[in-house]
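S.K.: make a model of this:
(chains A and B)
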Amino acid sequence: MAKNRPSDAGDILQGTLDLLILRTLILGPAHGYTIANSIERTSENALDVEQGSLYPALHRLEDRGLVSSEWGVSENNRRAKFYRLTVKGRKELEAATSRWRRMTRAIGLILEEPNS
Amino acid sequence: MGFHRFLDRENKDRDLAEEIQSHMAHEVDTNLARGLSDAEARRQARLKFGNPLAVRERVWSYRSLPLAESLGRDLRYAWRSLRRTPGFTIVALLVIALGIGVNTAVFSVVNAVLLNPLPYPDSQSLVRLVLFTPQRTLDAANVPEFNLWRKQTSVLREVAGYDTGGAGLNLTGSDHPMQVQGVHVTHDYFALFGAPVIAGRTFTKEEDSPHGGDVVVLSYGLWKQRYGGDANIVGRTIQLDHTPYLVVGIIGRNFVTDNPADLWIPYQFDVNNHDMAHYFWVSARLQPGVTVQQANEQLKLASDQFRREFPNAIGVQNRYGVVPLKEWTVGDTRTPLLILLSAVVLVLLIACANVANLLLARASGRKREFATRAALGAGRWHVVRQLLAESLLLSVSGGLLGLLLGYAGVRLLLSVNVGGLPRLGENGSAVTLDLRVLLFTLGLSLLTGVLFGLVPAISASRPNLLASLNESGSRTGTGFRSASLRSFLVVSEIALALVLVIGSMLLIRTYLKLQAVDPGFDTHNTLTMTMSISGSRFQTAAPVAQMIRQGTERIKTIPGVVEAAAGNGVPLQGAFGIPFDIVGRPKGKAPFTGGAQYYSVSWGYFDALKMPLLRGRTFTEHDDGSAPGVMIINEAMAKQYWPKGDPLRDHIQKAPGAGPIFAEPPRQIVGIVGNTRDAPNRDPFPTMYIPIAQMPDGETALNSRIAPLWWIVRTNTNSQAMVAQVTSALREATGGLPVAHIRTMDEIDRLVISQQRFNMLLLTVFGASGLLLAAAGIYGLMAFSVEQRTQELGIRMALGAQASQLRNMVLGQGMVLTGFGMVIGIGTAFWLSRFLARFLFGVKVWDPLAFVLTPLLLGLVALAAAWIPAVRATRVDPMTALRLE
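M.R.: You can find the predicted model right below:
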């Protein structure tokens, strides 16, 4: 199966994936399927990972207290577990976002240097 | 975060599974909406999601405690691996269990007997009052001394006197009179030893003065046994020798005394009593901050004062002093303790060497296994951890087995020891498994396991996989270094075991020699028992002699009884010491001619014990109160005081100047009897025998008060069978006096050397365990080496070697190691045995028997241990052996 990557691939992107999940949840509570599709859409399929690898990340975030969860009913009228950003999660997202910005700017500067 | 994530993992996993299902359902919904078929919709959903199980596993393992998880796995694997090699596992387990068990058992007993402080509050400050003389230290006291010591309040407090515990009392007033141990004590006694009062009170100072009334304090045991634990007994009276005594209190269960006590009675000393006879003990507490040395200095001054007040009472060189009670009770503990500790260390060393050896052998045999595992991707740490898990499993299970063994061992040691050791408590209840020793030994075996599991593990996990895998030599040899290390371990084991066994052999020989010492009389078919005669009937010599005459005559009518007699003591049990003068002999500056122990006896005494008469005559029934005073002395006294002269020409003044109750005219020496053995390893004491009918009345009253009357019955068959007849005859003849402490003379004989027996037993246990461990070591090494050399042996056989040649080759290698170990062991034992010298009797420290017999024994054991693998070597099938690789 071509799509079957080593499950470790998720670990490389872990920090990014966490950030993307938190970013998605800032729009409001969502269940796993919505989060997965939303990440897929917004990242223009750039992060080509199995949707399954979302779940370890979600549970890790929950254990760290950055998101909370509860069972509810989805728009399809199915039982689904909804995740919600906690106050701590919101702060973490802000911190991570600014960290991420600083880093991408630094990388950008380094990569652009020869041209300038 | 937090620990809770490790808990409740199953529930969370179920939750996740449901969540994944929900995710898939949504995906399928979407796919169906895109117009896919049901089957295709599901297939694509699965593809997109990936493996749900893998997701669940990742979450699960992230929620787990990685170390604990893999530890569990390692332990499970270790268990399987140990089970595959039952021979190794059983030997290793036994070695560890034996090492831990034996050490723990022996140390627990020794701890209770020698190391534990006395079972009294603040026992460090308790001291025994003694008289230091140039020859020895005496601990018996009299009233003037007691008064003197009580006045030394600057260094002493709670000065209390108490019985030496000899005389019994008869609990009367019911159909079943009973002899009980009544201990006379001064009123400070209970405070001094911190006796717990559970009902009523102890004696007041008034009750402990002359005419203070008849009061008694009961022990817990007697209270439960005789009075059913009825607390209302306090305030009522009980009958002791037909005299009513008021019960004032009861002492709690945990109060342990040197001599067993059923009840306590106030001493009621007359402080003006100037008798110089010593008949009780005095202990006290040092004042806070006062050292033993300070107390001794103060008491030295008091001795001078005493000498001025009572001229000639104590010699010029004698002085009073104190000895810490613990030291006095258990004696010098250092040397025996050091010997014991060395034995413990030796057994431990052997056990550790053994465990190390076994683990090394096992690990080097598994080189290929580790290499294979490493090749399959197991990390170095994995392999090391695996070996550690095995060591851990072995040590812990061995330790548990050792605990059981130790418990059984303690019980065994106690059951073998019959009443010979102080402070074991009732039925050895004072002895508990010593947890510290147990933990220490367990820790040590763990350490050994880890250490010797680790060394080969690390070398085995070295990443030189190719060499290890290619090494076809893995079955032909195990590398010179590890083989020589193991040989070294076996040689040390044998040497250490030899030292232990030689030590125990010396003690066994000592014990046999002690047993063979002629006690000086015939111990067989002789029954002894004690009778308390402390009642008012027996305050003068005549009624005592009359009662003995009636008793012996009555006993002698029993068929099978040859002779019966009575006295204030029997041989082997110790007697009272007393000074004497030889009339007409100048004594220079000394206050007396000398000192001797004495027995007051009925005339049949020497015949009943079959003591040989060497000169003169024994007593007859005519040596009574109206006849001239006579005495018989023993050979030791004759030799010491009449090296040339004739004792039978001389008169003896017994107890000169000892006070009015001892006053009597000089006695003619009429006979000399053979010596009896009084202490197992000492020369016989000078001894005087005096007709009990001729004792001064005052001394008779004192004797009746402080010591029981001993009956001796010689029978012509097994005397044990006649106990019932003798006791009922005595009860009838004496007007209902009960007897106690019924023992044969053989039993007493055994009891006297029980300390030596115990020493011997301890070291024998150590010696035997050492021998066993060493044998296991030799067996393990040889068996392993044969297994490792299967291929070599097969080739030799294929080339025409005879079975016997192969066997002898293996045996020879085992015996060379044994020989090395024995040479070292004999040298070490020779050097060490000097420390045992003090405990030996009749055996030289270089006893040839011990030094020849022991190596022979060890050699035989080693031969047997090497024999099994040697025979196995001859059964190697060349074809199988060559095809093995």
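S.K.: when you work out contacts or count neighbours from here on, use the C-alpha atoms and nothing else.
M.R.: Fine.
S.K.: for chain A, which segments count as strands?
M.R.: Remark: strands assigned in chain A by DSSP state E are A:30-31, A:67-73, A:79-85.
S.K.: for chain B, find the nearest of those strands.
M.R.: Comparison of the strands of chain A against chain B by Cα to the nearest Cα identifies strand A:79-85 as nearest, at 5.8 Å.
S.K.: pull that closest one out as PDB, backbone CA atoms only.
M.R.: C-alpha atoms of strand A:79-85 as PDB (Å, rounded to 0.1, in the frame of the first residue of the first chain):
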ATOM      1  CA  ARG A  79     -22.300   9.900  18.200                       C
ATOM      2  CA  ALA A  80     -18.900  11.700  18.100                       C
ATOM      3  CA  LYS A  81     -16.400  12.900  20.600                       C
ATOM      4  CA  PHE A  82     -16.100  16.700  20.500                       C
ATOM      5  CA  TYR A  83     -12.800  18.500  21.400                       C
ATOM      6  CA  ARG A  84     -12.700  22.000  22.800                       C
ATOM      7  CA  LEU A  85      -9.800  24.400  23.300                       C
END
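S.K.: partner strands of that strand, with direction?
M.R.: Applying DSSP bridges to the sheet, strand A:79-85 is found paired with strand A:30-31 (antiparallel), strand A:67-73 (antiparallel).
S.K.: which other residues reach the first one?
M.R.: Strand A:30-31 is contacted from outside by A:74, A:80-84, using Cα atoms under 8 Å, 6 or more residues apart in numbering or on different chains.
S.K.: any idea how far it is from the chain center?
M.R.: Centre-to-centre, strand A:30-31 and its host chain are 12 Å apart (Cα atoms, centre = their mean, to the nearest Å).
S.K.: helices or strands next to the strand or helix carrying B:Arg486 in the packing?
M.R.: For B:Arg486, the host element (DSSP states H and E) is helix B:480-516. Helices and strands touching helix B:480-516, by 3 or more Cα pairs under 8 Å, 6 or more residues apart in numbering or on different chains; DSSP states H and E, are helix B:334-364, helix B:754-788, helix B:803-832, helix B:848-874.
S.K.: whatever helix or strand comes next after it: partners in the sheet, and parallel or antiparallel?
M.R.: Downstream of helix B:480-516, the first helix or strand assigned by DSSP H and E is strand B:526-531. The sheet places strand B:526-531 alongside strand B:709-715 (antiparallel), strand B:739-744 (antiparallel), with pairing taken from DSSP bridges.
S.K.: buried residues in strand B:526-531, which are they?
M.R.: Within strand B:526-531, the residues scored as buried using 16 or more other Cα atoms under 10 Å in any protein chain shown are B:526-531.
S.K.: from what I see, B:Asp230 and B:Trp223 are in contact.
M.R.: Yes - with contacts counted by Cα atoms under 8 Å, B:Asp230 reaches B:Trp223, the gap being 7.5 Å.
S.K.: between those two, which one's more packed in?
M.R.: B:Trp223 (20 against 10; other Cα atoms under 10 Å in any protein chain shown).
S.K.: doesn't B:Gly229 make contact with that one?
M.R.: Yes - under the criterion of Cα under 8 Å, B:Trp223 makes contact with B:Gly229 at 5.4 Å.
S.K.: mean neighbour count and distance to chain A for the helices and strands packed on helix B:480-516 - can I get that in a markdown table?
M.R.: Shown next, in a markdown table, are those (neighbours: other Cα atoms under 10 Å in any protein chain shown; distance: least, Cα to the nearest Cα, whole Å):
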| stretch | mean neighbour count | distance to chain A |
| --- | --- | --- |
| helix B:334-364 | 21 | 35 |
| helix B:754-788 | 23 | 44 |
| helix B:803-832 | 18 | 56 |
| helix B:848-874 | 19 | 53 |
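S.K.: circling back: dump the strands of chain A to CSV, plus mean neighbour count and mean pLDDT.
M.R.: Compiled in CSV, those are given as follows (neighbours: other Cα atoms under 10 Å in any protein chain shown; pLDDT from 0 to 100):
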stretch, mean neighbour count, mean pLDDT
strand A:30-31, 22, 90
strand A:67-73, 15, 90
strand A:79-85, 23, 91
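S.K.: centre of the chain to stretch B:669-676, how far?
M.R.: 38 Å.
S.K.: can you list contacts of that stretch?
M.R.: Stretch B:669-676 is contacted from outside by B:519-521, B:571-572, B:611-618, B:630-636, B:638, B:647-652, B:684, using Cα under 8 Å, 6+ apart.
S.K.: can I get the buried part of those residues as one PyMOL selection?
M.R.: A single PyMOL command selects the buried members of the contacts of stretch B:669-676 (16+ other Cα under 10 Å):
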select buried, chain B and resi 519+520+521+571+572+611+612+613+618+630+631+632+633+634+635+636+638+647+648+650+651+652+684
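S.K.: return the subset of the contacts of stretch B:669-676 lying in helices.
M.R.: B:635-636, B:638 (DSSP state H).
S.K.: quick one: mean pLDDT over the longest helix along chain A.
M.R.: The longest helix of chain A (DSSP H) is helix A:87-112. For helix A:87-112, mean pLDDT rounds to 83.
S.K.: what packs against that helix?
M.R.: helix A:14-25.
S.K.: got the angle between the helix it packs on and strand A:67-73?
M.R.: Direction vectors for helix A:14-25 and strand A:67-73, defined by axes from the mean of the first three to the mean of the last three Cα atoms, to 10 degrees, enclose an angle of 50 degrees.
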